[in-house]
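Student: this is a predicted model, with the sequence first.
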Amino acid sequence: MTDYAIGDIQGCHDRLQAVLAKVDFSPSRDCLWVAGDLINRGPASLETLRFLEGLGDATRIVLGNHDLHLLAVVLGGHRTRKKDTLAEILDAPDLERLVAWLRQQNLCLYDGDRDLFMAHAGLPHIWSVDQALACGREVEAVIRGPEARAYFTGMYGNEPARWHDDLQGMDRWRAITNYFTRMRFIAADGTLELATKESAGAAPNGYQPWFQFPRDDQVRVIFGHWAALEGRTGSERYIGLDTGCVWGGALTIMNLDSGERIHCDC
């Protein structure tokens, strides 16, 4: 059995199949960790979603901002955006089943044997692994529960920009969501800067890439979300797997134990 992790697929189903073929992936023996943004912007979001759902227990998936956007359209009444490629999903006869499956996925995952954490945007230095997992479980319960429609109605927004333990309700859920699915640049006190999407060297005054802040542990972190990094973080413990497939870059899959990365050009 081999565990692999893959970066942002974003509906690039043919590239997904190509890179899985390169590693001879078999759901009967292997497991695929998906770092969020399964869908949107690529040409085959519905096909991608159906394929990943069909893998069943052979996947470990975290939700990305594009995945949450689909749920916000379906459950929160938000409109699709000009560049979205979600129409095929929204018109699909199995939409209800796919949405129910997506709602059961996680915001973050942790493998204690490997000391390995995965979230779409990363792990902020202000949270221990245990605190991050607790925050993730809190919002996952909301997404799966009766408050889901209220959550998706109010999910969007940049405030509060800084975490406080005493945050409550929608402010608390929105902050957790932004740390896990939208974070790139962050200040020492945990304040998020969510406007800048360029490479690590474009940090606004007073901010740094989240992975440049020291931590008190040795956890390794798998993340996607930041295509402008092209997978480069300057550290072996912070593993960026979004290599911009949907933007003409590559789709990257990594063997979790050997660290070998395989690319499929897009």
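Tutor: Done, it's in.
Student: in the longest helix anywhere in the chain, which residues are buried?
Tutor: Taking DSSP state H as the criterion, the chain has its longest helix at helix 129-144. For helix 129-144, burial by neighbour count (16 or more other CB atoms under 10 Å) applies to 129, 132-133, 135-136, 139-140, 142-143. In short, each C-beta sits where N, CA and C put it, glycine included.
Student: for stretch 57-72, same thing?
Tutor: In stretch 57-72, counting by 16+ other CB under 10 Å, buried: 58-72.
Student: which helices and strands sit right next to the longest helix of the chain?
Tutor: strand 108-111, strand 116-119, helix 148-153, helix 169-181 (3 or more CB pairs under 8 Å, 6 or more residues apart in numbering; DSSP states H and E).
Student: in TSV: those, plus mean neighbour count.
Tutor: Shown next, in TSV, are these (neighbours: other CB atoms under 10 Å):
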stretch	mean neighbour count
strand 108-111	21
strand 116-119	24
helix 148-153	17
helix 169-181	21
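Student: so which of the ones you listed gets nearest residue 238?
Tutor: strand 116-119 (10.2 Å; CB to CB).
Student: what pairs with the closest one, parallel or antiparallel?
Tutor: strand 108-111 (antiparallel), strand 220-223 (parallel) (DSSP bridges).
Student: need these in CSV (columns: mean pLDDT and distance to residue 247).
Tutor: Shown next, in CSV, are these (pLDDT from 0 to 100; distance: least, CB to CB, whole Å):
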stretch, mean pLDDT, distance to residue 247
strand 108-111, 98, 25
strand 220-223, 98, 17
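Student: picking that back up, what are the contacting residues of the longest helix of the chain?
Tutor: By CB atoms under 8 Å, 6 or more residues apart in numbering, the surrounding residues in contact with helix 129-144 are 71, 103-104, 106-108, 110, 117, 119, 123-124, 127, 148, 151, 172-173, 176-177, 179-180, 217, 219.
Student: 7 Å instead?
Tutor: Outside of helix 129-144, the residues within contact range by CB atoms under 7 Å, 6 or more residues apart in numbering are 103-104, 106-108, 110, 117, 123, 127, 148, 151, 173, 176-177, 180, 217, 219.
Student: give me the angle between it and helix 169-181.
Tutor: If you take axes from the mean of the first three to the mean of the last three CA atoms, to 10 degrees, helix 129-144 sits at 120 degrees to helix 169-181.
Student: redo the strands paired with strand 116-119 as CSV? Include distance to residue 243.
Tutor: Formatted as CSV, the strands paired with strand 116-119 follow (distance: least, CB to CB, whole Å):
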stretch, distance to residue 243
strand 108-111, 21
strand 220-223, 12
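Student: so which of the ones you listed is nearest residue 44?
Tutor: Nearest to residue 44, of the strands paired with strand 116-119 and by CB to CB, is strand 220-223 at 23.6 Å.
Student: okay, now residue 163: neighbour count?
Tutor: 20 (other CB atoms under 10 Å).
Student: which residue, other than its chain neighbours, is closest to it?
Tutor: Leaving aside its sequence neighbours, residue 163 sits nearest to residue 190 (CB to CB, 6 or more residues apart in numbering; 5.0 Å).
Student: note down every partner strand of the least confident helix or strand in the chain by mean pLDDT and its orientation.
Tutor: Least confident helix or strand of the chain, by mean pLDDT, DSSP states H and E, is strand 261-265 with a mean of 93. Counting by DSSP bridges, the strands paired with strand 261-265 are strand 250-255 (antiparallel).
Student: what does the strand it pairs with rub up against?
Tutor: Taking CB under 7 Å, 6+ apart as the rule, strand 250-255 contacts 2, 4-7, 9, 12, 15-16, 19, 23, 231, 239, 241, 243, 245, 260-266.
Student: give the buried residues for it.
Tutor: For strand 250-255, by 16+ other CB under 10 Å, it's 250-254.
Student: mind exporting that strand as CSV, just the C-alpha atoms?
Tutor: Written as CSV, here are the backbone C-alpha positions of strand 250-255 (Å, rounded to 0.1, in the frame of the first residue of the first chain):
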residue,chain,number,x,y,z
ALA,A,250,1.5,20.9,-13.8
LEU,A,251,-0.4,18.5,-11.6
THR,A,252,1.8,17.1,-8.9
ILE,A,253,1.5,13.9,-6.9
MET,A,254,3.9,12.9,-4.0
ASN,A,255,4.7,9.6,-2.4
